[in-house]
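Novice: The following comprises the amino acid sequence and a computationally predicted model.
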Amino acid sequence: MPIPDTGLLPEADLDPLLVSPCAAPQPVGTLLVPVEELPAAESSPDAVSRRVRDELMLDGNARLNLATFVTTWMEPEARQLMAETAEKNLADRAEYPQITAMEERCVQMLARLWHAPRPELVRGCSTTGSSEAAMLGGLALKRRWQTRRRAQGKDVTRPNLVMGANVQVCWKKFANYFEVEPRYVPMEPGRYHLTPDTLTAYCDDNTIGVVTVLGSTFDGSYEPVADICLALDGYQAATGTDIPVHVDGASGALVAPFLDPGLMWDFQLERVASVNASGHKYGHVFPGLGWALWRDAQALPDDLVFEVDYLGGKSPTFTLNFSRPGAHVVAQYYNFLRYGFEGLRNLAHQSRTTARSLAAQIRALPPYELVTDGSDLPAFAFRLTPGTTDFTVFDVSEAMRARGWHLPAYTFPAPCQDVSVLRLVVRTGFTAELAHLFVSDLSQVTALLRVPDPRGRTPVLSSSA
């Protein structure tokens, strides 16, 4: 529709690229079927918004999604701030200096939270998600290794990265996209993440770094970062090869500082060169927002940082994605100010308390047994006790989905492919009432699955949620 005449400027002719030549709105009836091509004519905003909302009703309820670590609830004030800044591009730093300042303040807050020895020397940025932040960390490791090898007159064509088989898929993407050999330390029965005992066998002069995970997506457990660093200290003493560590703290980096203050995992460890985290996980911001921090300028080579000036005013950029939403940074800054250390600790404590309570109730519900109990991340994995043949974890997942719960079931990587689990993530907004309803539904599903339906149909529960 044309912009109303304000009397300040003469009314311009309608732009044919913006307004359809068809004067009459498209009949509502034509919107009732899915559309695979651009409609020929415009339609009324009410009709289209109603059409889109109706279709979105078929999606799952985000609050009942127990698979995702990402934030599904925010305070109305934070939502409003995001709406008010949705159009602002963080790449345009000269035009939006206050959002830029908020980003820099958030980096400084995280640097201090993660015990950087010299917070003022830390380099960091927000990203469009923690996967981008992880890839930036990997790129810095690769570039540092290449620079060091070239200075020594050595080959730089065969870099490798050592990590546990439990790493998130972003690290597999990094290795593929940036031509780094991934060396996955396999799981073992009863050991489902990276540990120091088998680590160094996978390292050599071509190792650009070791990735440690503070909060495995498979079971919520923390990897022993300090012990891994100690093993690499011993490796350096024996071989002379100095291998830095990147901490993938996508979830745990905004949980451990508040609930596990004695845990050594961050910049307190000299071998830790960089850390990534998801603001859209336990930073309590809607997706997608990530954070990448480097200990100092040496950890982030200058040749990865670009200076741009074509938006007006020079500004450095060292992200893969150029245009980025400023609204998420605003929401993160709001959350840091709104909750403070004490408030963020309370939120994390509530989530972990709920997770451990749920785990205890599931432990007492035959035929389940726990793989983890929510003592690290507010998330845990559980499975069927050996010998259970009436049904599988995949049957449980499907039956729970019929009640609206998204409870993921999956199998661990080889050689632990015989271990199939269900994983439950507790986030802010998963209330005690929802936890009670979940356990009630899981109990009903389990009872029905233990009595197989001769018709082979998935049981349907009576309404409880």
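Specialist: Perfect, thanks for sending it.
Novice: going forward, measure contacts between C-alpha atoms and count neighbours the same way
Specialist: Noted.
Novice: so where does Asn276 fall, helix or strand?
Specialist: Secondary structure from DSSP states H and E places Asn276 in strand 272-278.
Novice: Next: Ala134.
Specialist: Going by DSSP H and E, Ala134 is in helix 130-151.
Novice: can you give me the mean pLDDT across that helix?
Specialist: For helix 130-151, mean pLDDT rounds to 95.
Novice: Indicate each strand paired with the helix or strand just after that helix and its parallel or antiparallel sense.
Specialist: Moving toward the C-terminus from helix 130-151, the next helix or strand (DSSP H and E) is strand 160-164. If you go by DSSP bridges, strand 160-164 pairs up with strand 181-185 (parallel), strand 207-213 (parallel).
Novice: Turn those into CSV, including distance to Gly164.
Specialist: Formatted as CSV, the strands paired with strand 160-164 follow (distance: least, CA to CA, whole Å):
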stretch, distance to Gly164
strand 181-185, 5
strand 207-213, 8
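Novice: could those strands go into a markdown table alongside mean neighbour count and mean pLDDT?
Specialist: Below are the strands paired with strand 160-164 laid out as a markdown table (neighbours: other CA atoms under 10 Å; pLDDT from 0 to 100):
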| stretch | mean neighbour count | mean pLDDT |
| --- | --- | --- |
| strand 181-185 | 18 | 97 |
| strand 207-213 | 27 | 98 |
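Novice: Quick check: which of the ones you listed is nearest to Thr72?
Specialist: Minimum separation from Thr72 across the strands paired with strand 160-164 (CA to CA) falls at strand 207-213, 22.9 Å.
Novice: what inclination does that closest one have with respect to helix 130-151?
Specialist: 160 degrees (axes from the mean of the first three to the mean of the last three CA atoms, to 10 degrees).
Novice: Can you list the buried residues in the following helix or strand past strand 207-213?
Specialist: Going down the chain from strand 207-213, the next helix or strand is helix 225-239, by DSSP H and E. Buried residues in helix 225-239, counting neighbours by 16 or more other CA atoms under 10 Å, are found at Val225, Ala226, Ile228, Cys229, Ala231, Leu232, Asp233, Tyr235.
Novice: Against Ser323, how distant is the last one?
Specialist: Taking CA to CA, to the nearest Å as the measure, Tyr235 and Ser323 are separated by 41 Å.
Novice: Who are the packing partners of the helix holding Ala134?
Specialist: helix 169-177, strand 207-213, strand 245-248, strand 272-278, strand 290-294 (3 or more CA pairs under 8 Å, 6 or more residues apart in numbering; DSSP states H and E).
Novice: can you redo the ones you listed as a markdown table with distance to Leu437?
Specialist: Listed next are these as a markdown table, based on distance: least, CA to CA, whole Å:
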| stretch | distance to Leu437 |
| --- | --- |
| helix 169-177 | 32 |
| strand 207-213 | 32 |
| strand 245-248 | 33 |
| strand 272-278 | 29 |
| strand 290-294 | 32 |
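Novice: With respect to Tyr410, which of these lies nearest?
Specialist: The nearest among the helices and strands packed on helix 130-151, by CA to CA, is helix 169-177 at 14.5 Å.
Novice: Just the angle for that closest one relative to strand 181-185, thanks.
Specialist: Going by the same axes, to 10 degrees, helix 169-177 makes 140 degrees with strand 181-185.
Novice: Report the mean per-residue pLDDT for helix 169-177.
Specialist: 96.
Novice: So what touches it?
Specialist: With CA atoms under 8 Å, 6 or more residues apart in numbering as the test, helix 169-177 has contacts from Ser131, Ala134, Met135, Gly138, Leu161, Val180, Glu181, Pro182.
Novice: Pick out the most distant pair among those residues.
Specialist: Ser131 and Glu181 (18.2 Å).
Novice: one step back: pick the most buried one from the helices and strands packed on helix 130-151.
Specialist: Across the helices and strands packed on helix 130-151, averaging neighbours per residue (mean count of other CA atoms under 10 Å) puts strand 272-278 on top, at a mean of 29.
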